[in-house]
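Q: Here is my input, please return the structure:
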Amino acid sequence: MIEKLFKLKEHNTDFKTEVMAGITTFMTMAYILAVNPNVLSAAGMDSTAVLLATCLASFIGTMVMGIWANLPFALSAGMGLNAFLAYTVVMGYGYSWQTALLAVFIEGMVFIVLSLTRVREAIFECIPLSLKKAVSVGIGLFICFIGLQNAGLATDSATLVSLINFRESFSTAGICALLAVIGTLCTAILYIKKVPGSILIGIFGTWGMGVICELVGIYVPDPANGHYSLIPAFQMTDFSKLSETLGQCFNVNFEDVGIFNFIVVIFSFLFVDLFDTIGTLIGVSAKAKMLDDQGRLPGIRPALMADAVATTAGAVLGTSTTTTFVESAAGVGAGGRTGLTAVTTAILFLASMLLAPIFVAIPSFATAPALILVGFLMFSTVTEIRFDEDSYTTAIPAYLCIIAMPLFYSISEGIALGIISYVLINLFCGNRKKINPLLYVLAVLFVLKYIFL
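A: Presented below is the predicted three-dimensional model:
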């Protein structure tokens with residue numbers, strides 16, 4: 001049954017590898033169960049309700065991805081998009097969180113239509129192979145940077161970012177950063193030695209070292225400054241809280257909503273989610289060598305549909321835009337190649353509703369080594385991009401795409417600069433035949449986005 005559904009032999013994988021990959025993906029994504037409620041509660045939403053909605057939306061989207069698309073990608077509430085909802089739409093524009101969720105719901109419905117009409121698929125296929133490779137490299141740097149931040153190694157400074165001072169606040173941030181460094185080295189050694197589940201072992205090992213440090217007094221929790229206990233609390237979740245957000249996206253007073261501004265909000269969600277999802281699919285697929293000779297991903301339409309369905313369902317349940325996660329690369333790095341990886345991750349998201357406090361207790365510094373190592377694995381795709389003088393018209397846009405993602409902290413911004421520069425450079429260098437007509441449309445839309453949004 002499993003072989004028939006997921007075609008494991010055809011993808012040169014097995015049941016154990018896929019399950020371990022699914023667990024690995026979940027562990028690197030589990031932080032969203034703590035972060036998303038925290039972010040959306042700033043908009044006035046109940047944190048427990050958001051947690052439950054996040055688990056359910058992640059389960060629905062990831063299960064659809066696994067069963068329908070047979071791809072090892074997982075979905076959950078997108079970072080950046082949740083902050084946009086809470087801090088920009090609600091706290092900035094003054095909309096209610098119910099109105100913001102309605103915008104997300106409409107965005108999801110639009111995505112369903114676009115996915116059925118092949119528009120999103122056409123956008124995916126029109127992007128040049130060099131840019132697709134660049135997206136993989138850029139995402140590698142991006143998630144490595146996220147890992148460095150989660151570890152506390154990269155901190156704010158006069159130079160925008162710098163290395164943490166380990167001696168300062170050693171009993172909290174300092175020891176966590178040090179454990180992340182140790183965890184990264186141990187994970188790398190295990191991976192090089194081809195130890196099965198090395199990335200997952202690295203996550204649990206780093207977390208375990210943190211728990212030991214807390215028990216012996218080296219790590220001292222300081223909740224007032226964001227340093228919580230590393231020991232999980234064994235308690236059940238209040239499921240009745242879900243009623244506080246369920247269906248609230250339809251509880252909107254349209255007299256208080258400016259139509260033009262509301263359309264702008266919908267378009268903003270639509271634009272960022274579209275290219276974040278496409279960018280993630282491109283990057284992770286390239287690393288897993290799932291793209292064909294033309295750089296196309298077989299099964300892209302059901303993958304995009306999974307994203308659209310999850311976003312729509314998530315808005316009804318009570319969470320921000322649900323999208324494909326770059327942390328899916330962790331599962332791919334652990335050997336995941338089929339939808340069984342996604343199904344495993346989906347089941348864990350559903351199970352996490354029962355013991356949510358345990359998963360919330362997974363500290364970000366413990367998942368940092370996995371993100372840093374997977375960043376390296378994705379960065380290695382850079383060797384497949386030609387940088388010789390005859391390839392400058394494709395290499396320079398690829399370079400701009402790569403550096404924009406970590407420096408601007410956005411996958412979609414990297415894609416935007418890559419596409420705009422690709423069109424302009426090839427247009428003025430007399431290489432019009434290299435430019436797919438749809439790329440002109442995308443380049444213009446990106447420029448208009450920077451002008452009006």
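Q: tell me which element the residue nearest to residue 60 when sequence neighbours are not counted falls in.
A: Spatially, and ignoring its direct neighbours in sequence, residue 60 is nearest to residue 313 (5.0 Å; CB to CB, 6 or more residues apart in numbering). Where C-beta positions appear, they are placed from N, C-alpha and C, glycine not excepted. Using DSSP states H and E, residue 313 sits in helix 300-317.
Q: Name the next helix or strand downstream of that helix, please.
A: strand 322-324.
Q: tell me the SS of residue 76?
A: Counting by DSSP: H, G, I helix; E, B strand; the rest coil, the backbone at residue 76 sits in strand.
Q: just to revisit the earlier point, for residue 66, see how far away the residue nearest to residue 60 is.
A: Separation of residue 313 from residue 66 (CB to CB, to the nearest Å): 16 Å.
Q: who has more neighbours, those two?
A: residue 66 (28 against 20; other CB atoms under 10 Å).
Q: Return the per-residue confidence for the more buried one.
A: Residue 66 carries a pLDDT value of 94.
Q: And the next helix or strand past the helix or strand residue 143 falls within?
A: For residue 143, the element it lies in under DSSP H and E is helix 129-151. Remark: after helix 129-151, the chain's next helix or strand is strand 154-155, criterion DSSP H and E.
Q: That following strand pairs with which strands, and in what direction?
A: Pairing partners of strand 154-155, with direction, according to DSSP bridges: strand 162-163 (antiparallel).
Q: which residues sit against the partner strand?
A: Contact partners of strand 162-163, identified using CB atoms under 8 Å, 6 or more residues apart in numbering, comprise 153-155.
Q: Tell me where the stretch 201-350 of the chain has helices.
A: According to DSSP state H, counting those that start in this stretch, the stretch 201-350 of the chain carries its helices in the segments 259-287, 300-317, 328-333, 339-351.
Q: still on that earlier bit, name the helices or strands packed onto the helix holding residue 313?
A: helix 47-64, strand 75-77, helix 97-116, helix 119-126, helix 259-287, strand 322-324 (3 or more CB pairs under 8 Å, 6 or more residues apart in numbering; DSSP states H and E).
Q: Show me the one of these that comes nearest residue 239.
A: helix 47-64 (6.7 Å; CB to CB).
Q: CA atoms only: put that closest one into CSV for me.
A: Output in CSV follows, covering the C-alpha atoms of helix 47-64 (Å, rounded to 0.1, in the frame of the first residue of the first chain):
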residue,chain,number,x,y,z
SER,A,47,-2.4,32.4,21.7
THR,A,48,-3.7,28.9,22.5
ALA,A,49,-6.3,29.2,19.7
VAL,A,50,-3.6,30.3,17.3
LEU,A,51,-1.5,27.3,18.4
LEU,A,52,-4.3,24.9,17.6
ALA,A,53,-5.2,26.6,14.3
THR,A,54,-1.5,26.4,13.3
CYS,A,55,-1.3,22.7,14.1
LEU,A,56,-4.5,21.9,12.1
ALA,A,57,-3.6,24.1,9.1
SER,A,58,-0.1,22.6,9.0
PHE,A,59,-1.6,19.1,9.1
ILE,A,60,-4.1,19.8,6.3
GLY,A,61,-1.6,21.5,4.0
THR,A,62,1.3,19.0,4.6
MET,A,63,-1.0,16.0,4.3
VAL,A,64,-2.3,17.3,0.9
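Q: Check the chain and tell me which residue is nearest its centre.
A: residue 325 (2.8 Å; CA atoms, centre = their mean).
Q: I'd say residue 91 and residue 41 touch.
A: No: using CB atoms under 8 Å, residue 91 is not in contact with residue 41; the gap is 11.9 Å.
Q: Of the two, give the one with the bigger neighbour count.
A: The neighbour count for residue 91 versus residue 41, taken as other CB under 10 Å, is higher for residue 41 (17 against 14).
Q: which residues touch the nearest residue to the more buried one once chain neighbours are set aside?
A: Excluding its sequence neighbours, the residue lying closest to residue 41 (CB to CB, 6+ apart) is residue 47, at 4.4 Å. Shown in contact with residue 47 (CB under 8 Å, 6+ apart): 37-38, 40-41.
Q: Closest one of those to residue 176?
A: Closest to residue 176, out of all of the contacts of residue 47 and judged by CB to CB, is residue 38, at 17.8 Å.
Q: helix/strand/coil for that closest one?
A: helix.
Q: Run through the stretch 201-350 of the chain and note the low-pLDDT ranges.
A: 254-258, 260, 287-288 (pLDDT under 70).
Q: Ignoring the adjacent residues along the chain, who's closest to residue 404?
A: Per CB to CB, 6+ apart, closest to residue 404 is residue 414, 4.0 Å.
Q: moving C-terminal of whichever strand or helix holds that neighbour, what's the next helix or strand?
A: Under the criterion of DSSP H and E, residue 414 resides in helix 411-428. Next helix or strand after helix 411-428 toward the C-terminus (DSSP H and E): helix 437-452.
Q: quick one, that following helix and helix 119-126 angle?
A: Between helix 437-452 and helix 119-126, the angle comes out at 110 degrees (axes from the mean of the first three to the mean of the last three CA atoms, to 10 degrees).
Q: Show me what counts as buried in helix 437-452.
A: For helix 437-452, burial by neighbour count (16 or more other CB atoms under 10 Å) applies to 439, 442-443, 446, 449.
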